[in-house]
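Trainee: structure for this input, please:
(2 chains)
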2 protein chains.
Amino acid sequence: MYKCSLERMTDKIETFSKFGDAGHGGITRYTLSPEDNLARKEFVKRMEAIGAVIETDDMANMYATIPGSDPDAKRIVMGSHTDSVMNGGNYDGILGVMSAMEVLEAVVEQKIPHKHPLTAMVWTNEEGSLYPPAMMSSGVICYDYLPEAIRGKFKLEDMLQSKSILDFKTTFGEVLDKSEYKGDKANRLSPEKYLNMFEIHIEQGPILEDNKKDVGVVDCVLGMFNYRLKFYGQTTHAGTFPMPKRKDAFFAASQALVYLHEEIDKLGYPELVYTTGEVICHPGIHTCVPDFFDFSFDSRHEDPAVLDQVLAIVKSCADKTWAGCTCTVEKAWNRDTVYWDEKLIGYCEEAAKETGVSYQLIHSGAGHDAQFAAYMMPTTMLFVQSKDGLSHCEDEYSTPEHCTSGATVLLNAVLKADQAE
Amino acid sequence: MYKCSLERMTDKIETFSKFGDAGHGGITRYTLSPEDNLARKEFVKRMEAIGAVIETDDMANMYATIPGSDPDAKRIVMGSHTDSVMNGGNYDGILGVMSAMEVLEAVVEQKIPHKHPLTAMVWTNEEGSLYPPAMMSSGVICYDYLPEAIRGKFKLEDMLQSKSILDFKTTFGEVLDKSEYKGDKANRLSPEKYLNMFEIHIEQGPILEDNKKDVGVVDCVLGMFNYRLKFYGQTTHAGTFPMPKRKDAFFAASQALVYLHEEIDKLGYPELVYTTGEVICHPGIHTCVPDFFDFSFDSRHEDPAVLDQVLAIVKSCADKTWAGCTCTVEKAWNRDTVYWDEKLIGYCEEAAKETGVSYQLIHSGAGHDAQFAAYMMPTTMLFVQSKDGLSHCEDEYSTPEHCTSGATVLLNAVLKADQAE
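Mentor: Predicted coordinates for the structure are as follows:
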């Protein structure tokens, strides 16, 4: 049983929080931006300091590898991403990179015997916050292994053409070509070269905190669907058009949203979540009745039969008239539940027990690069307790102790995987 | 009893509809844009053709004047605006300018005797759609006469600094300085030089059509208030945060909007209107629970006591918690009901009766330049029937016959005003 270093982990958290520091507790660190390059440079510096060899692939994914005792053994990889959303926090993504670094540092410092080479990895552009979509480079790298329904979104040529949401001009491909971290396609993560994969992430929810558990051993990434509900009315002047004749698309959408909550909550599934986070209102003028309102509807649950029940309620909105408006319900995408590798889950559980870190099994509601990797090699994830369950915001916080406990479980789980094959 | 020309009016409607033609039935004609300048040029051409003298003032308002028999008499002015909203229709504003032109053309062609000089006027930037606020130059010209609560919005130096909503850079003052229509402050509309004012506008509502009336004789512009309702929640990740702990600001706003409709409709005032046309949702990402939602609330009614009852309901939203979110209710502005001049209303009614044009008394829910002019001279308005009550959109339509009937009533009402003093 080995332990990671609280002091070294704390130092990494403090150091990486400076790269993209937005000045009020959080960071903005878009992929391949100058801020992201500072984080990548720090990754290289610290990994070279322990003798790791750095490789990069054609998507600027980075791999820092220390050798194992068997020169022919496949590598075990741990990693996550360095990029963030706008005004994000100091843990989402980067914690998985720091934990992988910490494991390698602990192995080198404590001279822990191991057979397989161990790799700490940085995925490029997981958030997709400047160049959509999210999970871009894992989508590209795992392309041949992804289910047909998912892979269409991640064609390399489309990814390279993805335009900055800030200037609507710069493409991801242009930025990638200029990056000193763009490397050789031959260096890509692949099942020929890598045995299995681990990713640590903050929970992004309050379950571990509520249950007083330091760490979550993740068993699956929840299945989900994403739809758009669109309401069509008629715009008229705010001051002149009698109420009974109006067709107000915002009022229509509000009625439908209240209906959705009522009906879906009646289903009574405590683990079901659904979110309506993005809205469009046209023409969006205070003196005009809205003639169009559109909102996103994202729902997640492990059981596809539960999602089917929710979807039936969502679709029923199109059968009704809302405040005189018609409604259409359009599919954006969906994905099935991805289960992690049972053996790797077992190693994580054993590692937590042996190191005395409190844990529970937990589902992941969010998507992560690891879930695409799972289509090409055995993969699993660990979660670290999040304060108040907040993420994608500056209030995001996990204690250095919890972060270090996560790395300790990761270290010991990786060593179990190392010894098993 | 005199009549205006259907043929001449139809020609004007067809001609002016070309200036800013957006290609699918409507126009985009921002103030002082190349498209607006085409309309202004046509105005000058047609008015000079009947011998009118053209003047412009320092806000680029335009005045085309034909003399009356008394060289010392004050002028009677009719007018509206040539600018439009984005993808607006062919009638809002420009109908008032065309009707004023038509009246002058009829007077000259039919050699109708009149004592006072008659002026057709173009107001600059009534819509404020590129350079806010709306009714900008009537606000500036009538500044000294406006109630304290209104005038603060229309300081000349602020208006000149108003920035384009398209490039966030160009100021209204820059565009005004470059305009060939910027003239002398001494030419401004004023009670010293002008006896009274008339404005024709499309109804922008369905009342005249429903009641089968060609024309509306407007008795007042409704009092109104405009508030913002703001909902504060907590953003969290869509996939990971349990429903009962969420504070979703969009859901909160939807509940409040449904509540507002229920409570306000219980008041039972058929002429009351209220509109929630502008919304802001933050962060507006489909994978995040919204932590902030803000919508405008605009309500209009003749009776301030009715508006007070509505406002009490609106304000009560701040006393409740909505889906775990707090709510604030903030005043943007309000205005009292503006009553038109009784004598001028009488002339319009008599003129309608004498010319056999069907009419009814009607309130104006929308704001118009004439309502600011009303603070400095006797003023009134006429409405022309709108198809389906639509306006500020490309479907906006009034028949040439209704437009000509409106001009005929205007002509005869102006002649009554001419003879009265």
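Trainee: assumed residue A:349 was part of a strand.
Mentor: No. Residue A:349 is assigned helix when assessed by DSSP: H, G, I helix; E, B strand; the rest coil, not a strand.
Trainee: ok, it to residue A:343 distance?
Mentor: For residue A:349, the distance to residue A:343 equals 11 Å [Cβ to Cβ, to the nearest Å]. In short, each C-beta sits where N, CA and C put it, glycine included.
Trainee: same question for residue A:150.
Mentor: The gap separating residue A:150 from residue A:343 is 24 Å, by Cβ to Cβ.
Trainee: neighbour count for the two, which is higher?
Mentor: Using other Cβ atoms under 10 Å in any protein chain shown, the more surrounded residue of residue A:150 and residue A:343 is residue A:150, with 19 against 15.
Trainee: please, which helix or strand holds that one?
Mentor: helix A:148-151 (DSSP states H and E).
Trainee: ranges for the helices of chain A?
Mentor: Taking DSSP state H to define them, one finds helices in chain A at A:6-16, A:34-49, A:94-109, A:136-141, A:148-151, A:156-160, A:172-178, A:207-210, A:249-267, A:304-316, A:342-355, A:369-373, A:400-420.
Trainee: report all helices and strands that the helix holding residue A:150 contacts.
Mentor: Secondary structure elements in contact with helix A:148-151, counted by 3 or more Cβ pairs under 8 Å, 6 or more residues apart in numbering or on different chains; DSSP states H and E, are strand A:326-335.
Trainee: what comes into contact with the strand it packs on?
Mentor: A:149-150, A:153, A:223-232, A:252, A:256, A:296, A:307, A:314-315, A:317-318, A:320-321, A:367, B:286 (Cβ atoms under 8 Å, 6 or more residues apart in numbering or on different chains).
Trainee: run the last query once more with 7 Å
Mentor: A:150, A:223-232, A:256, A:314-315, A:317-318, A:320 (Cβ atoms under 7 Å, 6 or more residues apart in numbering or on different chains).
Trainee: so residue A:240 sits right up against residue B:366, yeah?
Mentor: Yes. Contact criterion Cβ atoms under 7 Å: residue A:240 and residue B:366 qualify, at 5.4 Å.
Trainee: give me the common contacts of these two.
Mentor: residue B:204.
Trainee: re earlier: ChimeraX command to pick out the buried ones of the contacts of strand A:326-335?
Mentor: Those of the contacts of strand A:326-335 that count as buried under 16 or more other Cβ atoms under 10 Å in any protein chain shown are selected in ChimeraX with:
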select /A:150,223,224,225,226,227,228,229,230,231,232,256,314,317
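Trainee: so which helix or strand of chain A has the lowest pLDDT on average?
Mentor: Lowest by mean pLDDT, DSSP states H and E among the helices and strands of chain A is helix A:148-151, with a mean of 86.
Trainee: do you know how far residue A:285 is from residue A:258?
Mentor: In this view, residue A:285 and residue A:258 are 25 Å apart by Cβ to Cβ.
Trainee: between these two, point out the one with more neighbours.
Mentor: More crowded of residue A:285 and residue A:258, by other Cβ under 10 Å: residue A:285, with 20 against 17.
Trainee: touching, that one and residue B:276? I think so.
Mentor: No. Applying Cβ under 7 Å as the test, residue A:285 and residue B:276 come out as separate, 11.3 Å apart.
Trainee: counting neighbours, what do you get for residue A:420?
Mentor: 13.
Trainee: quick one: pLDDT of it?
Mentor: pLDDT for residue A:420: 95.
Trainee: nearest residue to it in space, ignoring adjacent ones along the chain?
Mentor: residue A:343 (7.2 Å; Cβ to Cβ, 6 or more residues apart in numbering or on different chains).
Trainee: give me the distance between the residue in the stretch 251-400 of chain A that chain B sits nearest to and residue B:324.
Mentor: Taking Cβ to the nearest Cβ, chain B has its nearest neighbour within the stretch 251-400 of chain A at residue A:365, 2.9 Å off. Using Cβ to Cβ, residue A:365 is found at 19 Å from residue B:324.
Trainee: more neighbours, these two?
Mentor: residue A:365 (26 against 15).
Trainee: shouldn't that one be in contact with residue A:273?
Mentor: Yes. Using Cβ under 7 Å, residue A:365 is in contact with residue A:273, at 6.1 Å.
Trainee: so for the two, which residues contact both of them?
Mentor: In contact with both residue A:365 and residue A:273: A:300, B:239, using Cβ under 7 Å, 6+ apart.
Trainee: what residues does the stretch 301-421 of chain A put near chain B?
Mentor: A:365, A:366, A:389, A:390, A:391, A:392, A:393 (Cβ under 7 Å from any Cβ of the partner chain).
Trainee: residue A:370: how many residues sit nearby?
Mentor: By other Cβ under 10 Å, neighbour count at residue A:370 equals 27.
Trainee: now residue A:39
Mentor: Neighbour count of residue A:39, defined by other Cβ under 10 Å: 25.
Trainee: swap in residue A:353?
Mentor: 13.
Trainee: how near is it to residue B:94?
Mentor: Counting by Cβ to Cβ, the gap from residue A:353 to residue B:94 is 79 Å.
Trainee: likewise for residue A:16?
Mentor: Separation of residue A:16 from residue B:94 (Cβ to Cβ): 60 Å.
Trainee: and the two? Which one has more around it.
Mentor: Neighbour tally, residue A:16 and residue B:94, criterion other Cβ under 10 Å: the higher count belongs to residue B:94, 28 against 24.
Trainee: let me know whether the more buried one touches residue B:17 as I believe.
Mentor: No. In this structure residue B:94 lies outside contact range of residue B:17 using Cβ under 7 Å: 8.4 Å.
Trainee: touching, residue A:172 and residue A:157? I think so.
Mentor: No. Assessed by Cβ under 7 Å, residue A:172 is found out of contact with residue A:157, at 11.2 Å.
Trainee: which of those two has more residues huddled nearby?
Mentor: residue A:172 (25 against 7).
Trainee: now do the contacts for the more buried one.
Mentor: Neighbour list for residue A:172: A:131, A:159, A:160, A:162 [criterion: Cβ under 7 Å, 6+ apart].
Trainee: identify the farthest-apart pair in these.
Mentor: A:131 and A:160 (9.5 Å; Cβ to Cβ).
Trainee: neighbour count: the two, which is higher?
Mentor: residue A:131 (27 against 18).
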